[in-house]
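In: How does the following fold in three dimensions:
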Amino acid sequence: MNKGWLYEGKPFEPTYEALQGWQCFVYIITDDTGRSYIGVKQFHKKVTRPPLKGRKNKRRSIAESDWKTYVGSSVALQEKIDEIGMDALQQREILHLCRTKGDGAYMEAKEQFDRGVLWDTKYYNGIIHLRTSGKHLSEELKEELRNDHRKPARQN
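Out: Alright, predicted model coming up:
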């Protein structure tokens, strides 16, 4: 059973250099009972180090985050993993790669609303948090959303 990240059905193992065009990803983690958690994770993090000798300014840089070993921010899911270990997970899947943090926030909320995570007991999610504006979305995502919106609605 693969405990690494999957993207489009295949193991996702890019080099750090290959991630430079991407800011974050929206994911779904499924446990051994089929219950899932949907969230967003950054590929990069800001690192602040103390100033060099004789300087006052702190040194700031960007480093790779812990995304490869990340198992979600759900307290209930984390407790289960702490108790059972990684065998508690069935799958970790990347749903969307995102160019900006705004894209990630939007796509996370969209997935959560589309799947009904607040009322469906097969999800660990207990809250949907979103605060964004059109300025935060990449032009690429805006165009994709415009095209999806223009498609005719499905008839029931």
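In: Now do the helix ranked longest in the chain: which elements does it pack against?
Out: Longest helix in the chain, counting residues (DSSP state H): helix 101-115. Applying 3 or more CB pairs under 8 Å, 6 or more residues apart in numbering; DSSP states H and E, one finds that helix 101-115 contacts strand 24-31, strand 36-42, strand 89-98, helix 139-150. For the C-beta atoms, the positions are set from N, CA and C on the backbone; glycine is no exception.
In: Which residues belonging to the longest one are considered buried?
Out: Applying a neighbour-count criterion of 16 or more other CB atoms under 10 Å, the buried positions in helix 139-150 are L141.
In: And that helix, how far out from the chain middle?
Out: For helix 139-150, the separation from the chain centroid amounts to 20 Å (computed by CA atoms, centre = their mean, to the nearest Å).
In: So for the residue located most distally from the centre of the chain, what's the pLDDT?
Out: What lies farthest from the middle of the chain is G54; by CA atoms, centre = their mean that is 40.1 Å. If you check G54, the pLDDT there is 87.
In: picking that back up, dump the helices and strands packed on helix 101-115 into a markdown table; add distance to E64 and mean pLDDT as well.
Out: Formatted as a markdown table, the helices and strands packed on helix 101-115 follow (distance: least, CB to CB, whole Å; pLDDT from 0 to 100):
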| stretch | distance to E64 | mean pLDDT |
| --- | --- | --- |
| strand 24-31 | 12 | 97 |
| strand 36-42 | 10 | 97 |
| strand 89-98 | 15 | 96 |
| helix 139-150 | 23 | 86 |
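In: Tell me which of those sits nearest to T121.
Out: Distance to T121, taken as CB to CB, is lowest for strand 36-42 among these, at 10.9 Å.
In: So the residue nearest the centre of the chain versus S65, what's the distance?
Out: Residue closest to the average C-alpha location in the chain (CA atoms, centre = their mean): V40, at 2.2 Å. From V40 across to S65, the span is 12 Å (CB to CB, to the nearest Å).
In: Then Y7?
Out: Counting by CB to CB, the gap from Y7 to S65 is 17 Å.
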